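Chemist: Build the 3D model from these lines:
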Amino acid sequence: MAAPLDLRFDCGRICLDLMATTGQAAERLAGPEHLTAWLVGSGVVPGGAQLGAVDRGWVVRFRMLRELLRRVVHDELRGRAADSDLRLLNAAATTPVPPLRAVRAEDGALVRALAGPPDCAGLLSAVARDAIGLLTDAAARGQLRQCEGESCSLVYLDTSRGRRRRWCSSEVCGNRERVARHRRRATRREGAGGGDVMDGMPVAGAEPPVIATR
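Modeler: Sure thing, here's the model as predicted:
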């Protein structure tokens, strides 16, 4: 069994978190165990749900929905999604979602539980409905941003103060950009023809030193 890759749940919506399961050549839905971890971690199903039916067929179907979401969301960010893709998204949302119920945990607290074992179509519908809710909510839609990280295509909701968030993750893409910026500055200094001095030696192109004469 392949070791699960790191899953991310920081994009602000379930549908965006599903989109984040791929990118930069990393496949985070590599098998049923990965999809099971994502379904629980994203909140699509509550912890403790019976997900023994998850198989490779489920993985394929969730990857197909993920690709559809990537097209629709990115096209909407650029202008307008294709009507054919919107029809596919609407169709995916037609299946009834698994009903929830409130049950008592061992400590007496009320927790969410599914009324019965979920099927794949119902869980796909829950994610598709989340995407429809996002894209038709003007306020939430206005917070959609694409990460500015090099080669990163992840989309997130920018809820930061002043709407100044630039990266899907400051620790991942943000740190990668800071490291790249530092390297670019170092490279420019090493090859610069300006008047900087490095390690006590004049850089080529700098003004010649003034030599005192008697």
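Chemist: Summarise which helices and strands the longest helix anywhere in the chain is packed against.
Modeler: If you go by DSSP state H, the chain has its longest helix at helix 56-78. The helices and strands touching helix 56-78, judged by 3 or more C-beta pairs under 8 Å, 6 or more residues apart in numbering; DSSP states H and E, are helix 14-19, helix 32-41, helix 83-92, helix 120-135, strand 144-146, strand 155-157. Heads up, the C-betas are built off the backbone N, CA and C, glycines and all.
Chemist: again, only using 7 Å
Modeler: helix 14-19, helix 32-41, helix 83-92, helix 120-135 (3 or more C-beta pairs under 7 Å, 6 or more residues apart in numbering; DSSP states H and E).
Chemist: any idea how far it is from the chain center?
Modeler: Centre-to-centre, helix 56-78 and its host chain are 13 Å apart (C-alpha atoms, centre = their mean, to the nearest Å).
Chemist: Can you pull the poorly scored residue ranges out of the chain?
Modeler: Low-confidence segments of the chain (pLDDT under 70): 1-5, 24-25, 170-171, 174-184, 193-214.
Chemist: mind listing what's buried in the longest helix of the chain?
Modeler: 58-59, 61-63, 65-66, 68-70, 72-73, 76 (16 or more other C-beta atoms under 10 Å).
Chemist: follow-up on the earlier one: which of the helices and strands packed on helix 56-78 is buried the deepest?
Modeler: Stretch with highest mean neighbour count among these: helix 14-19 (a mean of 24; mean count of other C-beta atoms under 10 Å).
Chemist: How far away from the center of its chain is that helix?
Modeler: Worked out by C-alpha atoms, centre = their mean, helix 14-19 lies 7 Å from the chain centre.
Chemist: Stretch 119-130 now?
Modeler: 19 Å.
Chemist: what's in contact with that stretch?
Modeler: Contact with stretch 119-130 is made by 13-15, 18, 39, 44-45, 58, 61-62, 65, 89, 92-98, as judged by C-beta atoms under 7 Å, 6 or more residues apart in numbering.
Chemist: repeat that with 8 Å
Modeler: Stretch 119-130 is touched from outside by 13-15, 18, 39, 44-45, 53-54, 57-58, 61-62, 65, 69, 89-90, 92-98, with contacts defined as C-beta atoms under 8 Å, 6 or more residues apart in numbering.
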